[in-house]
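Colleague: sharing a model prediction with you, sequence too.
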Amino acid sequence: MENLNNPFLLTAYKSPAYFCNRAEESKQLTRLMQSGMNVTLFAIRRLGKTGLIHHVFYPYSNHKKAACIYIDILATKNIADLTNHLATAVYNRFPPQKAIGKKIMELFQRFRPVISFDELSGTPSLSLTIETKAQKENTIGQILSFLDKQNIKIVIAIDEFQQILEYPEKNTEALLRTYMQQLKNTSFIFCGSNQKMMHEIFNSAKRPFFASCTNIKLDYIAEFDYKKFIIQKFKEHKRTMNNECLDFICNWTKLHTFYTQYFCATLFNKTLKTYTVKEAHETALAILKLNEGTFFQYRNLVTAAQWNLLKAIANEEQVFQPQAKTFIHKHQLGTPALVKRGIDALLIKELIFYNAAVETPYYEVYDKFLMRWLQYN
Ligand SMILES: Nc1ncnc2c1ncn2[C@@H]1O[C@H](COP(=O)(O)OP(=O)(O)OP(=O)(O)O)[C@@H](O)[C@H]1O
Ligand SMILES: [Mg+2]
């Protein structure tokens, strides 16, 4: 059974104690928030975008002069869903017992709100009756404009923002952009796990959000900081780890946050006083065994040629020029044209990513555990 005191979180943000560094990024984001700038947060998957937002919002949880409101819209299918997600978050930040809460409830009353409670957490959620075209198009605007007039600073983070591209209402981007422009005390943070769609929304000159935000690019946590964090968390539970073990963790997971956290959480679940590379090796194999089902599913997503290419990239770990003769020849991948098509397909399926944020860009397998599994098989 999972150790309930495990300090390596794999899901929701808890508090700064469980969060490794990101001091500079937090400072930068906080400064932009304070100056009322809109921000888009970019990074590869599972690197810590959502975590960072919660981390910078944390000090404002009960702030009198500022309110930070976070919504994850992955589960929304249309504008009405989006409105309800926003209404719920606003309701939870300003419960009716407080002055602002009382006033916003008056606004919500117009939409015959139904309040339900999550069975596990007891958290209330609000469902407004949004039926007509006008209600669909105006309600979010009314909620935002109400908040904007409360004489406090409002920051709204919309996570998994690319989901709006799936809505049947194709004018959602334009609508939201129009609301945004009318607000004085409110700013936004946008982020999403699908980088391609996020770039499409924010960096395409033809679209409403073009040039509307400051882009922040999140990078890997520095090795020194992550190592310090890992050692510290083990130490807090009176456990020690030698350097060889620590090096193995950082190298094996490539410091890709989710995978490093997952590895440490699994290692931590072995309740020991001291950890050496032997336990790290055992943990690595256990993780691969546990996730093997997922790896086989990945295989069904691609053709045999693409799978071979994926294996070749996994074996090289970083591939700078996939169409180069040496790489193709070494791994017997056919022609440069075939490799080019394969790379495109693997990128679209998000099995690999292209790291363009470094001096010499390269391709790498996204899922670090899949990468290791391909290397071992
Ligand atoms: N600085 C950090 N210190 C410790 N754990 C972190 C840190 N940042 C993120 N995490 C953890 O790493 C995992 C991945 O982070 P998160 O979900 O924030 O990534 P993401 O970039 O939002 O991913 P996605 O692209 O899938 O939305 C989570 O389990 C989170 O708790
Ligand atoms: Mg996220």
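Modeller: Everything's here; your move. Predicted model only: the values in this text are computed from it and were never measured. Ligands and ions are numbered 1, 2, ... in the order given.
Colleague: enumerate the residues of the stretch 1-150 of the chain near ligand 1.
Modeller: Taking CB under 6 Å from any ligand atom as the contact definition, the stretch 1-150 of the chain meets ligand 1 at 9-11, 19-20, 22, 43, 45-51. C-betas here are computed from N, CA, C, even on glycine.
Colleague: for whichever residue of the stretch 101-250 of the chain sits closest to ligand 1, give me its contacts.
Modeller: The minimum distance from the stretch 101-250 of the chain to ligand 1, using CB to the nearest ligand atom, falls at Ser193 (3.3 Å). By CB atoms under 8 Å, 6 or more residues apart in numbering, the contact list for Ser193 reads Arg45, Arg46, Lys49, Glu160, Gln162.
Colleague: turn the residues of the stretch 1-150 of the chain next to ligand 1 into TSV, including distance to Lys184, neighbour count and pLDDT.
Modeller: TSV is the format used below for those (distance: CB to CB, whole Å; neighbours: other CB atoms under 10 Å; pLDDT from 0 to 100):
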residue	distance to Lys184	neighbour count	pLDDT
Leu9	36	15	94
Leu10	39	12	93
Thr11	36	7	86
Phe19	32	18	97
Cys20	36	23	97
Arg22	29	20	96
Ala43	30	21	90
Arg45	35	15	92
Arg46	36	18	94
Leu47	33	19	95
Gly48	31	25	96
Lys49	27	22	96
Thr50	27	21	96
Gly51	30	21	97
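Colleague: make JSON lines out of those residues and add distance to Gly342 and secondary structure.
Modeller: JSON lines is the format used below for these (distance: CB to CB, whole Å; DSSP: H, G, I helix; E, B strand; the rest coil):
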{"residue": "Leu9", "distance to Gly342": "36", "secondary structure": "coil"}
{"residue": "Leu10", "distance to Gly342": "32", "secondary structure": "coil"}
{"residue": "Thr11", "distance to Gly342": "34", "secondary structure": "coil"}
{"residue": "Phe19", "distance to Gly342": "38", "secondary structure": "coil"}
{"residue": "Cys20", "distance to Gly342": "35", "secondary structure": "coil"}
{"residue": "Arg22", "distance to Gly342": "35", "secondary structure": "coil"}
{"residue": "Ala43", "distance to Gly342": "25", "secondary structure": "coil"}
{"residue": "Arg45", "distance to Gly342": "20", "secondary structure": "coil"}
{"residue": "Arg46", "distance to Gly342": "23", "secondary structure": "coil"}
{"residue": "Leu47", "distance to Gly342": "25", "secondary structure": "coil"}
{"residue": "Gly48", "distance to Gly342": "29", "secondary structure": "coil"}
{"residue": "Lys49", "distance to Gly342": "28", "secondary structure": "helix"}
{"residue": "Thr50", "distance to Gly342": "31", "secondary structure": "helix"}
{"residue": "Gly51", "distance to Gly342": "33", "secondary structure": "helix"}
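Colleague: ok, so of those, who is nearest Ala324?
Modeller: Comparing those against Ala324 with CB to CB places Arg45 closest, at 26.7 Å.
Colleague: verify the stated contact: the closest one with Leu351.
Modeller: No - judged on CB atoms under 8 Å, Arg45 makes no contact with Leu351 at a distance of 11.3 Å.
Colleague: overlap of the contact sets of the two?
Modeller: Tyr366.
Colleague: how is the residue in the stretch 201-350 of the chain that ligand 2 sits nearest to assigned, secondary-structure-wise?
Modeller: Scanning the stretch 201-350 of the chain for proximity to ligand 2 using CB to the ion identifies Phe258 as nearest, at 9.7 Å. Put simply, Phe258 is helix when judged by DSSP: H, G, I helix; E, B strand; the rest coil.
Colleague: quick one: residues contacting it.
Modeller: Residues near Phe258 by CB under 8 Å, 6+ apart: Leu10, Arg46, Leu47.
Colleague: just put the residues you listed in TSV and tack on distance to Pro95.
Modeller: Below are the contacts of Phe258 laid out as TSV (distance: CB to CB, whole Å):
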residue	distance to Pro95
Leu10	29
Arg46	33
Leu47	34
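Colleague: coming back round to it: so which of the contacts of Ser193 is the closest to Thr83?
Modeller: Using CB to CB, the contacts of Ser193 come closest to Thr83 at Glu160, 16.0 Å.
Colleague: if I look at the closest one, how far off is ligand 2?
Modeller: Counting by CB to the ion, to the nearest Å, the separation of Glu160 from ligand 2 is 7 Å.
Colleague: apart from its neighbours in sequence, what residue is nearest that residue?
Modeller: Nearest residue to Glu160, sequence neighbours excluded (CB to CB, 6 or more residues apart in numbering): Leu74, at 3.9 Å.
Colleague: report how many residues lie close to the residue lying closest to Met198 once chain neighbours are set aside.
Modeller: In this structure, Met198 finds its nearest non-sequential neighbour in Gly192, 4.6 Å apart by CB to CB, 6+ apart. Neighbour count for Gly192, taken as other CB atoms under 10 Å: 28.
Colleague: need phi/psi at the residue of the stretch 101-250 of the chain closest to ligand 1.
Modeller: Main-chain torsions, Ser193, degrees, to the nearest 10: phi -80, psi -20.
Colleague: just say helix, strand or coil for Ile154.
Modeller: Following three-state DSSP, the label given to Ile154 is strand.
Colleague: the nearest residue to it once chain neighbours are set aside - how many residues pack around it?
Modeller: The spatial neighbour of Ile154 that comes closest, neighbours along the chain excluded (CB to CB, 6+ apart), is Thr186 at 4.2 Å. Neighbour count for Thr186, taken as other CB under 10 Å: 23.
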